[in-house]
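Enquirer: Predicted model and sequence below, questions to follow.
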Amino acid sequence: MRVAVMGTGGTGGFYGGLLARAGEDVTFIARGAHLDAIRSRGLTVKSRLAGDFTIPAKATGVPGEIGPVDLVLFCVKAYDTEPAAALIRPIVGPETVILSVQNGIDNDERIARVTGKGTAICAAAQINAHVEAPGVIGQTAGPGRLIFGANAGGLGKRIDDLVQRCKAAGIPADLQPDIKVVLWAKYLFICGFSGVTALTRLTIGPILGCEETVALYRGTMAEVEAVARAYGVALPAGIVDQALKQSGILEAWAKGSLAHDLASGRRLELETLNGTVVRLGRARGVPTPFNFAIYAALKPFVNGPPPAPKPHANGPAQAPKP
């Protein structure tokens, strides 16, 4: 199977690395020092699940060099979905499957509008991984599971084949009947996990160890559940309790991608996560005060750290005008 990994960050590097180690023909699309390191030293994955390994890896910064592929692992940040989808047009043929492994609930639709061919589908990934250094992926938490929707995109046996190839590569993978429910269940978890770890600058252990932050965590996820039900998504009963239980079995040092990006001074997927909850809630009259608090507190950092106000020679610094 010819595979292109669009976005060789933590998620793409981890899953693409496992597929390449299993013998699939994988090309990683990256840029800058990360691309240079993969080309010169291969891709290194340090994983609590799969062990540590380094593989010789094909990598490029120009997707069009690859030619049409069977599968695109689409793993860019949600705010880059449309521009990244435009870049992969040359490698997408009529039979190409574009697998969105991203945060959010509508990335397959956004990709399909841009590429105009191939079949874009979504999978939910239960993974906590990041670029530890150029050419090095660190997988630190989560079960590494990939969840697909049965008969996603009308693919029939092709989706079964994809699941089996993932399993053969050591990726825990399975099918669920309704991918929309799966995506919203993950979305609920990520809005709480990523949003609260970023807001508090804490890992999940201390958050669950404090009654007040647990209430914040639970309330954030409960709002996502209410919004989902307002849009007709049949989340299972007790979904928030299930998410709390899932949080409790994570490594105590785990934190969400939003928190990793905030600490590293990178752009935030805030609009895709808690910001979307706020907007969708407003449209259906569902209150979302916890998500709004997270959104409002992190909004100044959405494009990286805000510039520090400069002191004036003749008086105190003036607050920037809204």
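Expert: Ah, there it is.

Enquirer: Could you use CA atoms for every contact and neighbour count after this?
Expert: Will do.

Enquirer: can I see the domain layout of this structure?
Expert: Domain segmentation of the chain under automatic domain parsing yields 2-177, 181-301.

Enquirer: any chance of the ones you listed in TSV, plus distance to P307 and mean pLDDT?
Expert: Shown next, in TSV, are the domains of the chain (distance: least, CA to CA, whole Å; pLDDT from 0 to 100):
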stretch	distance to P307	mean pLDDT
domain 2-177	22	94
domain 181-301	10	96
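
Enquirer: out of those domains, nearest to P311?
Expert: P311 lies closest to domain 181-301 among these, at 19.5 Å (CA to CA).

Enquirer: First-to-last residue distance for that closest one?
Expert: Its start and end residues considered, domain 181-301 measures 30 Å (CA to CA, to the nearest Å).

Enquirer: likewise stretch 110-120?
Expert: In stretch 110-120, first residue to last residue: 9 Å (CA to CA).

Enquirer: Flag every buried residue along it.
Expert: Going by neighbour count (16 or more other CA atoms under 10 Å), the buried part of stretch 110-120 is I111, A112, V114, T115, K117, G118, T119, A120.

Enquirer: Of all pairs in those, which one is the farthest apart?
Expert: Between any two of the buried residues of stretch 110-120 (CA to CA), the greatest distance is 11.7 Å, for V114 and T119.

Enquirer: which residues are common contacts for those two?
Expert: Residues touching both V114 and T119 (CA atoms under 8 Å, 6 or more residues apart in numbering): none.

Enquirer: can you pull out the helices in the stretch 1-150 of the chain?
Expert: With helices called from DSSP state H, counting those that start in this stretch, the stretch 1-150 of the chain shows them at 10-21, 32-41, 81-87, 107-115.

Enquirer: could I get the ones you listed as TSV with distance to R284?
Expert: Listed next are those as TSV, based on distance: least, CA to CA, whole Å:
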stretch	distance to R284
helix 10-21	33
helix 32-41	43
helix 81-87	26
helix 107-115	21
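
Enquirer: Run a quick neighbour tally on T81.
Expert: Using other CA atoms under 10 Å, T81 is surrounded by 19 other residues.

Enquirer: Verify the contact between I239 and A185 for me.
Expert: Yes - at 7.4 Å, I239 and A185 qualify as touching, with contact defined as CA atoms under 8 Å.

Enquirer: What is the burial count for E24?
Expert: Around E24 there are 16 other residues, counting by other CA under 10 Å.

Enquirer: quick one: the nearest residue to it once chain neighbours are set aside from D108, how far?
Expert: Once flanking residues are discounted, E24 sits nearest to M1: 5.6 Å by CA to CA, 6 or more residues apart in numbering. For M1, the distance to D108 (CA to CA) stands at 21 Å.

Enquirer: The two: who's more crowded?
Expert: D108 (22 against 13).

Enquirer: residues in contact with the more buried one?
Expert: Contacts for D108 (CA under 8 Å, 6+ apart) come out as L99, S100, A120, I121, C122.

Enquirer: most neighbours, which of those residues?
Expert: Highest neighbour count within these: C122, with 27 neighbours (other CA under 10 Å).
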